[in-house]
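*Asks:* Could you look at this predicted model? Sequence included:
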Amino acid sequence: MNDHVSDPSLSRRSLLASGTGLVGGAVLWASGLTPSAHAAVTEPGVWNSGRSANGWPVLGGTMRARSVPTHTIEGSDASVALLSGDAAVVLLHAARRFHYEVEELDPDDVVGHTTSRKVAASYESNYLSGTALAIQPDQFPVGAGDGLFPAQVATVREILNDCEGVLRWGGDERMPKQGHFQIEVGPGDGRLRKVADKLRRWNEAPCRGAGTD
């Protein structure tokens, strides 16, 4: 997998002060993705591939978009449109733990599947396939890596550990987005099913699911 490293010099304050327009090639380079991912984006930041950056098919067009269901995030009044199945199980686990242990979610705080192909960084293309979500995107925009306290970041690390490498956090991107979570493996990868089945068992077992001590 690509070598994604958060750049600690890119704080929200320094980003806003620079006045830089983060679109196109500069953002794509900063996202740390491969040349093939770069080639999928055209100026001014439009994703033109039939697959999102993580390899999943884009769910575009009116009929296909309607097939993306909305899932309620357990314990909250928030909901999010995601590809059903194992991907949704993993992403909803992250959203639930974020709600319970990082910051409570309001009804409109989470964005998932979209048909808009405009991206500020290549990893945002994963919303097109319903395999990523953005928590409080206005509070955590692309390029702002200083929105969470250290204890909150530690909780996010625990969430990632739960998911055994199949979930990636936007805070680890070169151009960070701390509310972003995505499926990191492609369709058919057996690791995704393994982790999703584990999380399903946790949800059914007392004192194992999100929101329990």
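*Replies:* Arrived safely.
*Asks:* Could you use CA atoms for every contact and neighbour count after this?
*Replies:* Will do.
*Asks:* neighbours around Leu128, how many?
*Replies:* Residues near Leu128, counting by other C-alpha atoms under 10 Å, number 28.
*Asks:* so where do the strands sit in this protein?
*Replies:* Using DSSP state E, the strands of the chain run over residues 41-42, 46-47, 70-72, 79-81, 110-111, 132-135, 167-169, 180-183.
*Asks:* out of those, nearest to Val119?
*Replies:* Shortest distance between Val119 and the strands of the chain, using C-alpha to C-alpha, is found for strand 46-47: 5.8 Å.
*Asks:* quick one on the thing from earlier: ok, of the strands of the chain, where does mean pLDDT dip lowest?
*Replies:* Mean pLDDT is lowest for strand 41-42 out of the strands of the chain, coming in at a mean of 62.
*Asks:* Name all residues that make contact with the closest residue to Asp108 other than its chain neighbours.
*Replies:* The shortest distance from Asp108 to any non-neighbouring residue, by C-alpha to C-alpha, 6 or more residues apart in numbering, is to Ala78 (6.2 Å). By C-alpha atoms under 8 Å, 6 or more residues apart in numbering, the residues touching Ala78 are Thr72, Leu105, Asp106, Pro107, Asp108, Asp109, Val110.
*Asks:* From those, pick the one nearest Trp169.
*Replies:* Nearest to Trp169 among the contacts of Ala78: Val110, at 14.7 Å, using C-alpha to C-alpha.
*Asks:* is the spatially most central residue of the chain in a bridge, and if so with what?
*Replies:* Among the residues of the chain, Phe181 comes closest to the average C-alpha position under C-alpha atoms, centre = their mean, at 2.3 Å. Taking DSSP bridges as the rule, Phe181 bridges to Leu133, Trp169.
*Asks:* Now do the contacts for it.
*Replies:* Contact partners of Phe181, counting by C-alpha under 8 Å, 6+ apart, are Leu91, Ala94, Ala132, Leu133, Ala134, Leu167, Arg168, Trp169, Gly170.
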